[in-house]
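Chemist: here is my input, please return the structure:
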Amino acid sequence: MTEALTPDAPVISDVTGTAGHAPENPAAGRLPLSTEELEAAVHAIADRSRKAARRLGQANRAWKDRALRAIGAALLENRKQVLEANAKDVAAGRSNGTSAALLDRLTLTPERIDGLVSALENLAGLPDPVGNVVRGQTLPNGLRLRQVNVPMGVVAAIYEARPNVTVDIAGLALKSGNAVILRGGSAAANTNEALVRILRDALDSVGLPADAVQTVDQYGREGANVLMRARGRVDVLIPRGGRDLIQTVVNNSSVPVIETGEGNVHIFIDESANEEMAVEILLNAKTQRPSVCNTVETLLVHSGSTTLPAVAAALRKAGVTLHVDDRIAAALGNSVDTVPADDDDWATEYMDLDLAVAMVDSLDDAVKHIRKWTTGHTEAILTNNLANAERFIAEIDSAAVIVNASTRFTDGGELGLGAEVGISTQKLHARGPMGLSELTTTKWIVQGEGQVRGQQRGNIEQKPGTAGNPAVEIL
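Modeler: Numbering: from 1, shown residues only. From the prediction side, this is the model:
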C-alpha cells in the first residue's frame, strides 16, 4: 500500500471523500461551496497530484508497466460495474436529447472496454520515454551535455462525454511519469466515477500513489474554472471535445494549454484515382464511426474523375446524406438523392452521417478549398499520380496528410502510439496524435570537472572524422 499523501490545502471531506476519492456520485448532491472553499479544495487536489507526480517520476518502466496491466485486469474484473454505470449515463443523455453522435462517444460496450485493455497492454509494450536522450555532445571546454525527456508533472484534462478518454489519458500519463487531474463532464459522471475508482485502486495495488489519478468532477464547471486558473500547480492543460469546449479552455485558462482541434477533414479524389479504392476508403472514412474527429466531412472530386457515381451511390446506400454543390448535383442528376450545400456545410464538422461534396477542376483548386475551410486536422488524397501525391503532401499544412488511405488512421493507437491524449492541431510542442513523448518535456544535464565560463581545454576528445568541429561528440 502507498503512504498517505497529506494535502497542503484543506479538503472539504464531505464533498471530496477520503484521500481525494470522488464522492459516490460526483454529478449529484454537491454541497454549495464558497469561492474560497472551492478554490482550496481544487488546489488541494492539485497539490496531492504534485506529490504523486514526484513519486511517479521516480518509478522505473517495470513498475509503471505493472500498473498499466493491473488497470487492464481491474477493468475486465469490474466490466459489469462499468457498463451499469455507463448505462445510467447513456439513458440520461438519451432522455435529455443528446445527439446520436455524442451518445455514441458516451457509450461503452464490452468490445470498447476490451479495446481500452488492449491499448493499455500496447502502452506497456512501448519504450519508456522518460530518460530518453534527445541529443548530447561534449563541448570544447570538456562539459558533457545531454538533453533528456522528463515528465511534465501534473497534467489536467477537460473533456466531455468520452469515458474512454479517462482510461487513455490516465494510462499515457502513468507511462510518461505524470499525475493527471480529470474533468470528464456531467454527461459521463457515473461512468467516470467508476473508472476513476478502478484506476486509483489499481495504482494502489502495485504500490504507486493513487493520487496520480484524481478528478474534479465533483465540483462541476466551477471546479473546472478553478483548475484552468491553477497555474503553478498544474503544468499543462489539454481540452478534448467540441469547438465550444476547446475555445472556452483556450480563452480562459492561465495554465499552459495544448490545443486539440475539431476535425473538418477533407478527402480529394483526383482524376487518376481507382474507383474501387475510392469507394472502400470513403465508406470507411465516413461510416465506420462518424462521431469521431478523424471522420471525413468534405469530399472534393476532380471534374475529370469517373469515380463519382459509384462513390455517391455507395455512400447513399450506407445512409449518408450528401450535401452537394451545383456541379455535383448536375453530374449525379437523379441517380442519387442529394441536398444543396452552402458555405456552412464546407465549415461544418458534422460528426454524423452527413458529407459535403464539391467538384474541383484541379489539384490547385482542391488545395485552395482545403486551405480556406480546414481546421488543420487531417487531409487525404486518393491518386495514382506520384507527382500529385507529392504536391499534396508539400502544399497541405495540416497535422496529418494521408495518401491513398482512410482518414480514420489519424489516431494514436493506429499510428503505434498505444493511445492518445488527443489530436493537436496547433504547432507548438505537439502536433497530431499526442502519445507518450508529447506528455514529456526536456531538461539539460551538464556534467563537468570544475570548468568555469570562458575556460577552454586544450585536449578535446573527438569522434573520427570530426576534425575542425570538436563540439560534436555525441553521447
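
Chemist: which residues does the residue most central in space within the chain contact?
Modeler: Geometric centre of the chain, nearest residue: residue 422, 0.9 Å, by C-alpha atoms, centre = their mean. Each residue near residue 422 by C-beta atoms under 8 Å, 6 or more residues apart in numbering is listed here: 238, 239, 240, 258, 260, 433, 434. Every residue, glycine included, has its C-beta placed from N, CA and C.

Chemist: so which of the residues you listed is the most crowded?
Modeler: When neighbours are taken as other C-beta atoms under 10 Å, the top entry among the contacts of residue 422 is residue 260 (29 neighbours).

Chemist: ok so, going back, now the residue nearest to the centre of the chain: closest residue in space that isn't a chain neighbour?
Modeler: Nearest residue to residue 422, sequence neighbours excluded (C-beta to C-beta, 6 or more residues apart in numbering): residue 260, at 3.7 Å.

Chemist: give me the mean pLDDT for stretch 207-219.
Modeler: Stretch 207-219 carries an average pLDDT of 96.

Chemist: where are the low-confidence patches of the stretch 201-350 of the chain?
Modeler: Residue ranges of the stretch 201-350 of the chain with pLDDT under 70: 261.

Chemist: please enumerate the helices of it.
Modeler: With DSSP state H, counting those that start in this stretch applied, the stretch 201-350 of the chain shows helices at 220-228, 243-252, 275-287, 308-317, 326-332, 343-346, listed in chain order.

Chemist: just the stretch 1-150 of the chain next, same as before
Modeler: 13-16, 35-56, 61-77, 79-95, 100-106, 110-125.

Chemist: so which of those helices is nearest residue 204?
Modeler: helix 61-77 (9.5 Å; C-beta to C-beta).

Chemist: distance from the chain centre to that closest one, please.
Modeler: 21 Å (C-alpha atoms, centre = their mean, to the nearest Å).

Chemist: neighbours around residue 34, how many?
Modeler: Here the count is done by other C-beta under 10 Å, and residue 34 has 8 residues near it.

Chemist: how about residue 59, what does it touch?
Modeler: Per C-beta under 8 Å, 6+ apart, neighbours of residue 59: 177, 208.

Chemist: for it, give its distance to residue 206.
Modeler: Counting by C-beta to C-beta, to the nearest Å, the separation of residue 59 from residue 206 is 10 Å.

Chemist: check residue 415 too.
Modeler: Distance of residue 415 to residue 206, computed by C-beta to C-beta: 28 Å.

Chemist: more neighbours: the two, which one.
Modeler: Neighbour count, other C-beta under 10 Å: between residue 415 and residue 206, residue 206 has more, with 17 against 14.

Chemist: where are the low-confidence patches of the stretch 1-150 of the chain?
Modeler: Along the stretch 1-150 of the chain, segments meeting pLDDT under 70 span 1-32.

Chemist: which residues in the stretch 301-450 of the chain form strands?
Modeler: Assigned by DSSP state E, counting those that start in this stretch, the strands in the stretch 301-450 of the chain fall at 321-324, 339-340, 354-360, 378-382, 400-403, 423-424, 432-433, 440-447.

Chemist: dump these to CSV, plus distance to residue 266.
Modeler: Below are the strands of the stretch 301-450 of the chain laid out as CSV (distance: least, C-beta to C-beta, whole Å):
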stretch, distance to residue 266
strand 321-324, 14
strand 339-340, 19
strand 354-360, 9
strand 378-382, 5
strand 400-403, 10
strand 423-424, 15
strand 432-433, 16
strand 440-447, 32
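
Chemist: can you flag the weakest of those strands by average pLDDT?
Modeler: Across the strands of the stretch 301-450 of the chain, strand 432-433 has the smallest mean pLDDT, namely a mean of 74.

Chemist: residues in contact with that strand?
Modeler: 399, 400, 410, 411, 412, 415, 417, 420, 422, 423, 424.

Chemist: now stretch 75-92
Modeler: The contact list for stretch 75-92 (C-beta under 8 Å, 6+ apart) reads 103, 106-110, 113, 116-117, 120, 163, 167, 187-191, 193-195, 198.

Chemist: among those, which ones are buried?
Modeler: Buried residues within the contacts of stretch 75-92, counting neighbours by 16 or more other C-beta atoms under 10 Å: 103, 106-108, 113, 116-117, 120, 163, 167, 187-191, 193-195, 198.

Chemist: so what's the residue count around the closest residue to residue 347 other than its chain neighbours?
Modeler: Computed as C-beta to C-beta, 6+ apart, the closest residue to residue 347 that is not its neighbour in sequence is residue 373, at 5.8 Å. Residue 373 has 18 neighbours, counted by other C-beta under 10 Å.

Chemist: if we can go back for a sec, in TSV, list the contacts of strand 432-433 along with distance to residue 303.
Modeler: Putting the contacts of strand 432-433 into TSV (distance: C-beta to C-beta, whole Å) gives the following:
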residue	distance to residue 303
399	29
400	26
410	28
411	32
412	37
415	33
417	38
420	37
422	37
423	32
424	35
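
Chemist: closest one to residue 323 out of the residues you listed, please.
Modeler: Closest approach between these and residue 323, by C-beta to C-beta: residue 410, at 22.6 Å.

Chemist: which of the strands of the stretch 301-450 of the chain sits most buried?
Modeler: Mean neighbour count (mean count of other C-beta atoms under 10 Å) peaks for strand 378-382 among those, with a mean of 28.

Chemist: that one pairs with which strands, and in what direction?
Modeler: Looking at strand 378-382 with DSSP bridges, its partner strands are strand 265-269 (parallel), strand 400-403 (parallel).

Chemist: which one, of these, ends up nearest to residue 365?
Modeler: strand 265-269 (9.5 Å).

Chemist: what angle do that closest one and strand 354-360 make?
Modeler: Angle of strand 265-269 versus strand 354-360, following axes from the mean of the first three to the mean of the last three C-alpha atoms, to 10 degrees, is 40 degrees.

Chemist: before we move on, the earlier item: do you know how far the residue nearest to residue 347 is from residue 367?
Modeler: Residue 373 is 12 Å from residue 367, by C-beta to C-beta.

Chemist: about what we covered before: from the contacts of residue 422, which is closest to residue 146?
Modeler: Nearest to residue 146 out of these is residue 434 (C-beta to C-beta; 24.2 Å).

Chemist: ok, the residue nearest to that closest one when sequence neighbours are not counted - contacts?
Modeler: Closest residue in space to residue 434, ignoring its immediate chain neighbours: residue 421 at 4.4 Å, by C-beta to C-beta, 6+ apart. By C-beta under 8 Å, 6+ apart, the residues touching residue 421 are 155, 157, 168-169, 172, 238, 240, 258, 412, 434-435, 438-439.

Chemist: any idea how far residue 421 is from residue 182?
Modeler: Counting by C-beta to C-beta, the gap from residue 421 to residue 182 is 12 Å.
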